[in-house]
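Novice: task: produce atomic coordinates for the following.
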Amino acid sequence: MGRAVVIGVGNPDRGDDGVGPAVVARAKGRLPGSARPLCLFGDDPAAIMDAWQGAQHAVVVDAMVSGAEPGTVRCFQVSAEPLPAEVGLPSTHALGAGAAIEMARVLGRLPARLTLYGVEAVGFTAGKGLSAAVAAAVPAVAEQVLKEVADV
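Specialist: Okay, the predicted model is just below:
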């Protein structure tokens, strides 16, 4: 296991829910050797927790619904404190990254450092790609993720 893991949560066939995998794909070839990229559909909190098992630093990228302008990017250091109540990390299936993070907190399964990048979504329509606003945010989020894991 690498010292860092970058986890893109979401379904690329459900509109903006695919932002996590899009960021991982953009950063994948440039990640340091100590970082492992993964894409998860996000409907199983146990799979998300297993994905960061053994990593010193996990970076999770997911679609966010908070009422902000579409494409807005927010960064949270969630190993230290819970997500703000107004931030929703929706899943197009059952439970998503937010549920996994808080479940891991209760179970004592958070990595030493867990960074979450949320990108404000527009929609989650089946068969659609990223909205223009979310697609425009992908390069900047990928750069931020690369900086996050550069020191690990």
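Novice: just the helices in the chain please.
Specialist: Assignment of helices within the chain using DSSP state H yields the ranges 19-27, 45-52, 97-107, 132-150.
Novice: was I right about Arg3 contacting Ser34?
Specialist: Yes: applying C-beta atoms under 8 Å, one finds Arg3 in contact with Ser34, separated by 4.5 Å. Every C-beta, even on glycine, is put in place using the N, C-alpha and C of the backbone.
Novice: rewinding a little: for Phe76, which of the helices of the chain is the nearest?
Specialist: Nearest to Phe76, of all these, is helix 97-107, at 9.2 Å by C-beta to C-beta.
Novice: just checking, what packs against the closest one?
Specialist: Other helices and strands packing on helix 97-107, by 3 or more C-beta pairs under 8 Å, 6 or more residues apart in numbering; DSSP states H and E, are helix 45-52, strand 57-64, strand 113-120.
Novice: and of these, who's closest to Ala27?
Specialist: Using C-beta to C-beta and comparing the helices and strands packed on helix 97-107, the one that lies nearest Ala27 is strand 57-64, at 9.1 Å.
Novice: that closest one relative to helix 45-52, how many degrees between them?
Specialist: Orientation of strand 57-64 against helix 45-52 (axes from the mean of the first three to the mean of the last three C-alpha atoms, to 10 degrees) gives an angle of 140 degrees.
Novice: may I have strand 57-64 as CSV, with CA atoms only?
Specialist: Taking Å, rounded to 0.1, in the frame of the first residue of the first chain, the C-alpha atoms of strand 57-64 are listed here in CSV:
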residue,chain,number,x,y,z
HIS,A,57,-3.0,10.4,3.9
ALA,A,58,-6.2,9.9,1.9
VAL,A,59,-7.6,12.4,-0.5
VAL,A,60,-11.3,12.0,-1.5
VAL,A,61,-12.9,13.8,-4.4
ASP,A,62,-16.7,13.8,-4.7
ALA,A,63,-19.6,15.8,-6.0
MET,A,64,-21.1,18.2,-3.4
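Novice: so of the helices of the chain, which one's packed in deepest?
Specialist: Burial among the helices of the chain, expressed as mean neighbours by mean count of other C-beta atoms under 10 Å, is greatest for helix 19-27, which shows a mean of 25.
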